[in-house]
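Asks: would you be able to build a 3D model of this:
(2 chains)
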Amino acid sequence: MATVELRFSALPEHVRTARLVAAAVARRAGVDEAVLDEVRLAVGEACSRAVGLHRSGGVPAPVKVLLTEEGKQFSIEVGDEARHAPYHPGDAPGAVDEAEAEEDEMGLAVISGLVDDVEVSAGEHGGLIKMTWPTMPPPTAALP
Amino acid sequence: MDLSLSTRTVGDRTVVEVGGEIDVYTAPKLREQLVELVNDGNFHLVVDMEGVDFLDSTGLGVLVGGLKRVRAHEGSLRLVCNQERILKIFRITGLTKVFPIHTTVDEAVAATD
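Replies: So this is what the prediction gives:
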């Protein structure tokens, strides 16, 4: 089970909330302070993308964010329920809205530039971006 | 935190001071501001990002859109930014090659190349 699970209506104003929650849980899980900015940005990009996909696809379902602390890792999964048509560069023009696809790619470019461990999957029933960061062991308490 | 915008004129340049968070929710406000400036005939823009706490790809998209608009009028769009975490986003998307990025507003206003 996820440590913290968040579902929000696919509205741009809620993306900030998701960023704040993700950063707070990441900090608690022991993700390095220096990396928290990246966590915040990456989860914001993934959620913005999901919101955009739900809105353009007319999907009424909420966007789902799973924050999981497991062993020495902290992972964030952002799931959407939009139908992802397979897209290949060179497809007939008009297959995918060009501006939208461009924005989508910029978001993914930021995520892959920021996060070393990222998996992007998509199918007929939705897509998932999973990002994982290492956590630092808590400092050992000094014995008196 | 929300987005704050204020504009002032310095010589033939229009300086847009941006503060707060530029994300999927607030970026449309910045887009409107840039569109309005260009429609009013301000083609040499300096966007001061020193007060920006957060910038995502939606914000980058708006800046690129602004650049396209001013270029259509032989104009310019320069950025002022010293914050490493913001600069990093320009770097990983390759946009440091697209935008002239300055360390001070004075430098951006004086730049002519």
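
Asks: wasn't B:Phe54 part of a strand?
Replies: Yes: in this structure, B:Phe54 lies within a strand as judged by DSSP: H, G, I helix; E, B strand; the rest coil.

Asks: count the neighbours of it for me.
Replies: For B:Phe54, the count of nearby residues is 21 (other Cβ atoms under 10 Å in any protein chain shown). Backbone N, C-alpha and C define where each C-beta goes, glycine included.

Asks: quick check, it in contact with B:Glu21.
Replies: Yes: B:Phe54 is in contact with B:Glu21 according to Cβ atoms under 8 Å; the separation is 4.0 Å.

Asks: neighbouring contacts of the helix or strand encompassing B:Val38?
Replies: Element membership of B:Val38 [criterion: DSSP states H and E] is helix B:27-39. With Cβ atoms under 8 Å, 6 or more residues apart in numbering or on different chains as the test, helix B:27-39 has contacts from B:3, B:5, B:7, B:14, B:16, B:18, B:22, B:45, B:58-59, B:61-62, B:65-66, B:69-70, B:73, B:75.

Asks: so which of the residues you listed sit within helices?
Replies: B:Thr58, B:Gly59, B:Gly61, B:Val62, B:Gly65, B:Gly66, B:Arg69, B:Val70 (DSSP state H).

Asks: which ones among these come in contact with chain A?
Replies: B:Thr58, B:Gly61 (Cβ under 8 Å from any Cβ of the partner chain).

Asks: just put the ones in helices among the contacts of helix B:27-39 in TSV and tack on pLDDT and neighbour count.
Replies: Converted to TSV, these look like this (pLDDT from 0 to 100; neighbours: other Cβ atoms under 10 Å in any protein chain shown):
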residue	pLDDT	neighbour count
B:Thr58	96	26
B:Gly59	96	24
B:Gly61	95	18
B:Val62	97	23
B:Gly65	97	16
B:Gly66	97	23
B:Arg69	97	19
B:Val70	98	20
